[in-house]
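Undergrad: fold the stuff below for me.
(chains A and B)
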Amino acid sequence: GENVEQHPSTLSVQEGDSAVIKCTYSDSASNYFPWYKQELGKRPQLIIDIRSNVGEKKDQRIAVTLNKTAKHFSLHITETQPEDSAVYFCAATFSGGYQKVTFGTGTKLQVIP
Amino acid sequence: EAQVTQNPRYLITVTGKKLTVTCSQNMNHEYMSWYRQDPGLGLRQIYYSMNVEVTDKGDVPEGYKVSRKEKRNFPLILESPSPNQTSLYFCASSLTQGPLHFGNGTRLTVT
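TA: Numbering: from 1, shown residues only, chains lettered A, B, ... in the order given. The predicted structure is shown next:
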């Protein structure tokens, strides 16, 4: 089955700095890679996603890159703000006749004002 | 408002007492799934359903059952709960090949 490794497990940055979270996956059939943000006590919510036919996607301060050959994808947050503090999860999804979602173990991001 | 509704939010029960956690979505999504969240382990998929009457096991299905008799509902059933099923549970739905929309979670404690 699919295995997703996520690093680092915790990350502290100064406000205004950039943060990068990396994930690797094992199943080359995975074709959809979303990132979710979970604030304390809340449900995970999608912040950005990328499909396997795209190498990079950007949405304001957030960007995701995908390297299919190396089977890894990364989340980049620029100009971090205190409200970016949360746990971030990556996921690898195979969507075909069925849909199987495998999550990474999460990264706790702390943005220090 | 488009949403996934889970009930109850909190549940304390004893070992062996059958329980059901309900999940309902109003977005006409084909795909629904259940996850448990444990510290250090992230979100692990329990069961998923591609459509009515179509369900399949995720990564941690032991001790759980599901059913999908209607498109909008996907209850999670614990026939004989045990303490190792104490966890935070999330239901989610999506269009096929789309992002997941999560419910607010159910914190289950089994003593």
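Undergrad: flag every residue of chain A that's near chain B.
TA: Residues of chain A found near chain B (Cβ under 8 Å from any Cβ of the partner chain) are A:1, A:6, A:9, A:32, A:34, A:36, A:42-46, A:49, A:89, A:91, A:93, A:95, A:98-106. Any C-beta I mention is one placed from the backbone N, CA and C, and that applies to glycine too.
Undergrad: what's the closest non-adjacent residue to residue 80?
TA: By default, I'm working from chain A. Counting by Cβ to Cβ, 6 or more residues apart in numbering or on different chains, the nearest residue to A:Thr80 once its immediate chain neighbours are dropped is A:Val111, at 4.6 Å.
Undergrad: not quite, go with chain B.
TA: B:Gly16 (5.0 Å).
Undergrad: could you pull out the strands for chain A?
TA: Assignment of strands within chain A using DSSP state E yields the ranges A:4-7, A:10-14, A:19-25, A:32-38, A:45-51, A:56-59, A:62-67, A:72-77, A:86-95, A:99-103, A:107-112.
Undergrad: mean pLDDT lowest where, among these?
TA: The minimum mean pLDDT among these belongs to strand A:99-103 (a mean of 86).
Undergrad: adjacent strands (with direction) for that one?
TA: Strands flanking strand A:99-103 in the sheet, each with its direction: strand A:86-95 (antiparallel) (DSSP bridges).
Undergrad: which residues touch B:Ser67?
TA: B:55, B:74-75, B:77 (Cβ atoms under 8 Å, 6 or more residues apart in numbering or on different chains).
Undergrad: try it again at 7 Å.
TA: Counting by Cβ atoms under 7 Å, 6 or more residues apart in numbering or on different chains, B:Ser67 touches B:Pro75.
Undergrad: tell me how far it lies from B:Pro75.
TA: When Cβ to Cβ, to the nearest Å is applied, the distance between B:Ser67 and B:Pro75 equals 6 Å.
Undergrad: now render the strands of chain A as TSV, adding distance to B:Asn28.
TA: Conversion of the strands of chain A to TSV gives the following (distance: least, Cβ to Cβ, whole Å):
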stretch	distance to B:Asn28
strand A:4-7	29
strand A:10-14	38
strand A:19-25	30
strand A:32-38	20
strand A:45-51	18
strand A:56-59	26
strand A:62-67	28
strand A:72-77	30
strand A:86-95	18
strand A:99-103	16
strand A:107-112	33
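Undergrad: and chain B, which residues reach chain A?
TA: For chain B, the residues found near chain A under the criterion Cβ under 7 Å from any Cβ of the partner chain are B:31, B:33, B:40-43, B:45, B:48, B:50, B:56, B:59, B:90, B:96-97, B:99, B:102-105.
Undergrad: now, of the residues of chain A next to chain B, which are buried?
TA: Taking 16 or more other Cβ atoms under 10 Å in any protein chain shown as the criterion, what is buried in the residues of chain A next to chain B is A:6, A:32, A:34, A:36, A:43-44, A:46, A:49, A:89, A:91, A:93, A:95, A:99-106.
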